[in-house]
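Undergrad: Predicted coordinates and the sequence they were generated for:
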Amino acid sequence: MSTTVICPNCNTQFEPTAAIAQSVREELSKEFNQRWQEKQREREEQFRQREQQLVQQQAEQQKRMDEERRVMEANLRTELQKKAAADVEARMRLLEDDNKTKDAKLAEAREKEMDFLKKMQDLKTREQEMELEMKRRMIEERTRLEESIRKGEEEKSKLAQAEYDMKLRERDKQLEDQKKLIEEMKRKSEQGSMQLQGEVQELALEELLRSAFPFDVVSEVGKGIRGADCVLKVRNSFGQECGSIIFESKRTKDFSQEWVEKLKADTRTLNADIAVIVTQAMPKDMESFGQKDGVWVCSFAEVRPLVVVLRDLIIKVYTASRSQENKGDKMTLLYNYLTSTEFAAQWNAIREGFARMKMSIQKERDQMEKLWKAREKELEKVLLNAAHIHGSIEGIAGMDIDLNLQAGEAHLIE
């Protein structure tokens, strides 16, 4: 039933559903973009803070390195000055005593100077290595930070996208309800409804099961009827019903133990094989899907892989039970069939068919051999007459024609 609204200014009639739907979509898109920009700014702010911390740590470490270098240079200068003064005094004494002693001291001074230069070079090398190590650590830390931020953003983006898709489903359901009653739609879109959210997840669950397992039967339990939300009747490749799985869909903030007890009672009532609770809020002692008091509990994203495993288990149990069913009776029936006149008649018919085929082949072979014998006799007569003619001609013409006749006879035989 369509609802039309008349404009009080221009008296134009129009359908408000499309306009309201467009407004709702634009509002959702604007809200999603605002949240995304806020998350992007938070990520940039975190990255700037971490970079400032790294730069500050590098500056402090560089400062400590400069201080250590100054202290080392001062100690080396003091030591060098003392040693230089001692060397000058010693050279003065040695100049007076012996030129050889002066040369030895000079060589020692040069050697010490080389040691000093070597120490300075080692200090510069160490400083460069420390600077390179610091840069490498900064790059690694920045890479780890960017990777962790990227993974966090990807997870948040996936969660936001899933929540956005779920909200779109809710909005679509609300728009369908708006066609019946516009005022009811406005109230639900403003305050939301836990019942509506649960219905959306139930519809999404049924749609997922139908698309993932097209050969199974998904039946919905009506409102007001005691039992689970939907039932999946598992079928094998031959179309035989092997068992059933019942599902209870919950979309609340907290998990309740009463759901487990209720679903176990529903399992006994519906005579189902396995019970599954699809919930947004997992139990406190469970991080992912698992079994709780005999009932499987999982999130909406884990439904499909869990049902694949449970279906395979049900089909294997059904196949094993059927293979053991009436095993003795089947053996008796097979023995009776093999010893019956019906089997003997069918087997004799097969034997007679093979025998007729063999007789037909033998008959054809006999006819062909008879024909071959007749042709062989005719050929012998022709060759004998040809030999007589050859003898007569040879007696008349002599040896000159013998070679030509032999060649013609060989060609005829071929």
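TA: Done, it's in. Residues are numbered from 1 along each chain as shown.
Undergrad: Quickly find the element holding E127.
TA: helix 99-180 (DSSP states H and E).
Undergrad: ok, T267 to G294 distance?
TA: Remark: distance between T267 and G294 (Cβ to Cβ, to the nearest Å) = 9 Å. Heads up, the C-betas are built off the backbone N, CA and C, glycines and all.
Undergrad: repeat for K373
TA: 88 Å.
Undergrad: Counting neighbours, what do you get for the closest residue to Y164 other than its chain neighbours?
TA: Nearest residue to Y164 in three dimensions, chain neighbours excluded: F32, at 5.9 Å (Cβ to Cβ, 6 or more residues apart in numbering). A count of nearby residues for F32, using other Cβ atoms under 10 Å, gives 15.
Undergrad: Pretty sure F32 sits against E163.
TA: No: F32 lies out of contact with E163 (Cβ atoms under 8 Å); the separation is 9.4 Å.
Undergrad: Find residues that contact each of these two.
TA: Taking Cβ atoms under 8 Å, 6 or more residues apart in numbering as the contact rule, F32 and E163 have no neighbour in common.
Undergrad: Just list the residues touching the closest residue to A281 other than its chain neighbours, thanks.
TA: Using Cβ to Cβ, 6+ apart and skipping the chain neighbours, the partner closest in space to A281 is F255 (4.8 Å). If you count contacts by Cβ under 8 Å, 6+ apart, F255 has them with T279, A281, M282, P283, K284, V297.
Undergrad: What score does the second one have for pLDDT?
TA: Spelled out, it's A281. pLDDT, A281: 84.
Undergrad: how about it, secondary structure?
TA: coil (DSSP: H, G, I helix; E, B strand; the rest coil).
Undergrad: for S249, same thing?
TA: S249 carries the three-state label strand when classified by three-state DSSP.
Undergrad: what's the burial count for it?
TA: So S249, with other Cβ under 10 Å, has 23 neighbours.
Undergrad: What distance do you get for it to R311?
TA: Distance from S249 to R311, by Cβ to Cβ: 19 Å.
Undergrad: now swap in A104 and tell me
TA: Distance from A104 to R311, by Cβ to Cβ: 97 Å.
Undergrad: And these two? Which one has more around it.
TA: Neighbour tally, A104 and R311, criterion other Cβ under 10 Å: the higher count belongs to R311, 21 against 13.
Undergrad: who touches D254 in this structure?
TA: Counting by Cβ under 8 Å, 6+ apart, the residues that D254 touches are A281.
Undergrad: Kindly report the same for E67.
TA: So E67 contacts nothing (Cβ under 8 Å, 6+ apart).
Undergrad: how far off helix 99-180 does the helix or strand encompassing it point, in degrees?
TA: Taking DSSP H and E as the criterion, E67 maps to helix 16-97. With axes from the mean of the first three to the mean of the last three Cα atoms, to 10 degrees as the basis, helix 16-97 and helix 99-180 are set at 170 degrees to each other.
Undergrad: for helix 16-97, the distance to its chain's centre please.
TA: 42 Å (Cα atoms, centre = their mean, to the nearest Å).
Undergrad: How about stretch 261-269?
TA: Worked out by Cα atoms, centre = their mean, stretch 261-269 lies 35 Å from the chain centre.
Undergrad: quick one: buried residues of that stretch?
TA: For stretch 261-269, burial by neighbour count (16 or more other Cβ atoms under 10 Å) applies to K262, L263, D266, T267.
Undergrad: now those as a markdown table including distance to K118?
TA: As requested, these are exported to a markdown table (distance: Cβ to Cβ, whole Å):
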| residue | distance to K118 |
| --- | --- |
| K262 | 84 |
| L263 | 81 |
| D266 | 86 |
| T267 | 85 |
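Undergrad: Looking at these, which one is closest to Q58?
TA: L263 (59.4 Å; Cβ to Cβ).
Undergrad: ok, that closest one - contacts?
TA: With Cβ under 8 Å, 6+ apart, L263 has these contacts: A228, I246, E248, A275, I277, V295.
Undergrad: Tell me which two in the residues you listed are the farthest apart.
TA: Pairwise over those, using Cβ to Cβ, the maximum falls at A228 and V295, 10.8 Å.
Undergrad: Which neighbours do these two have in common?
TA: Joint contacts of A228 and V295 (Cβ under 8 Å, 6+ apart) are L263, A275.
Undergrad: which one of these two has more residues nearby?
TA: Applying other Cβ under 10 Å to A228 and V295 shows that A228 carries more neighbours, namely 23 against 19.
Undergrad: And the pLDDT for the closest residue to the more buried one other than its chain neighbours?
TA: What sits nearest to A228 in space, not counting adjacent residues and going by Cβ to Cβ, 6+ apart, is I246, at 3.9 Å. Confidence at I246, expressed as pLDDT, is 89.
Undergrad: quick one: I246 and N271 touch, right?
TA: No: the pair I246 / N271 is not scored as a contact, 9.9 Å apart, by Cβ under 8 Å.
Undergrad: When the two are compared, which one has more neighbours?
TA: In terms of neighbours (other Cβ under 10 Å), I246 is the more surrounded of I246 and N271; the figures are 24 against 9.
Undergrad: Just the element for the more buried one, please.
TA: Using DSSP H and E, I246 falls in strand 241-250.
Undergrad: How about S392?
TA: helix 341-397.
Undergrad: Distance from that helix to the middle of the chain?
TA: In this view, helix 341-397 has its centroid 70 Å away from the chain centroid, taken as Cα atoms, centre = their mean.
Undergrad: Does anything pack onto it? Which helices or strands?
TA: The elements that helix 341-397 packs onto, with contact taken as 3 or more Cβ pairs under 8 Å, 6 or more residues apart in numbering; DSSP states H and E, are helix 402-413.
Undergrad: how about the residue nearest in space to the middle of the chain, secondary structure?
TA: Geometric centre of the chain, nearest residue: P305, 11.6 Å, by Cα atoms, centre = their mean. With three-state DSSP as the basis, the three-state label of P305 is helix.
Undergrad: switch to numbering from 20
TA: Fine by me, first position is 20 from now on; the one you just mentioned is P324.
Undergrad: Give me the pLDDT value at it.
TA: P324 is given a pLDDT of 89.
Undergrad: And it, how far from V236?
TA: P324 is 21 Å from V236, by Cβ to Cβ.
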